[in-house]
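Trainee: Just need the structure, nothing else, for what follows:
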Amino acid sequence: LDSEELGLQRIISTLANKNDEIQNFIDTLNHTLKGVQENSSNILSELDEEFDSLYSILDEVKESMINCIKQEQARKSQELQSQISQCNNALENSEELLEFATRSLDIKEPEEFSKVQKNCINTLNKESCFFKSFAFLY
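Mentor: Numbers count the residues shown, from 1 in each chain. Alright, predicted model coming up:
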């Protein structure tokens with residue numbers, strides 16, 4: 001073979017080697033790309049699982065807090081209903097006492113009037129104690 005053919009053979013050999021190197025590099029890049037895609041897919045899947053777990057925990061905490069709030073509301077409502085009932089009773093008693101005291105103004109006998117007056121004062125003292133027990137609300 002002459003030198004031109006020999007030079008061409010070397011060029012062909014060099015090009016073939018470079019093509020092999022390029023193909024190997026492409027294979028390496030494809031392998032790396034596949035790894036990146038698999039890793040990303042795995043990471044996204046793990047992230048979904050982690051957030052699902054967090055959402056589950058948050059839902060449990062939310063339910064617990066809702067139950068606590070509802071129980072506290074029920075307790076306070078019951079307490080307030082009881083206080084309203086007691087105050088209504090006290091108001092009714094006070095109105096009866098007011099009526100009784102007003103009628104007692106018509107009593108002409110001093111002894112009878114004094115007895116009624118003491119009864120009114122005792123009842124008033126009991127009622128004022130009752131209202132003092134609610135003073136903390138204001």
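Trainee: pLDDT below threshold where in this structure?
Mentor: Residues of the chain that meet the criterion pLDDT under 70 lie in 1, 127-138.
Trainee: Show me which helix runs longest in it.
Mentor: When secondary structure is assigned using DSSP state H, the longest helix within the chain turns out to be helix 3-104.
Trainee: Can you name every helix or strand that that one contacts?
Mentor: helix 110-132 (3 or more CB pairs under 8 Å, 6 or more residues apart in numbering; DSSP states H and E). Just so you know, the C-beta spots here come from the backbone N, C-alpha and C atoms, and that holds for glycine as well.
Trainee: can you list contacts of the helix it packs on?
Mentor: When contacts are defined by CB atoms under 8 Å, 6 or more residues apart in numbering, helix 110-132 is touched by residues 86, 90, 93, 94, 97, 100, 101, 104, 107.
Trainee: which of the residues you listed lies closest to residue 13?
Mentor: Of all those, residue 13 sits closest to residue 86, with 108.1 Å by CB to CB.
Trainee: What separation do you get for the closest one and residue 40?
Mentor: Separation of residue 86 from residue 40 (CB to CB, to the nearest Å) stands at 68 Å.
Trainee: neighbour-wise, which of these two wins?
Mentor: Residue environment comparison for residue 86 versus residue 40 gives the larger neighbour count to residue 86, 14 against 10, counting by other CB atoms under 10 Å.
Trainee: Quick check: that one vs residue 74, distance?
Mentor: 19 Å.
Trainee: what does residue 36 give?
Mentor: Relative to residue 74, residue 36 is positioned 56 Å away (criterion: CB to CB).
Trainee: And for residue 3?
Mentor: The spacing between residue 3 and residue 74, counted by CB to CB, is 105 Å.
Trainee: same deal with residue 119?
Mentor: Plainly put, residue 119 is 41 Å away from residue 74 if you go by CB to CB.
Trainee: More neighbours: those two, which one.
Mentor: Applying other CB under 10 Å to residue 119 and residue 74 shows that residue 119 carries more neighbours, namely 14 against 10.
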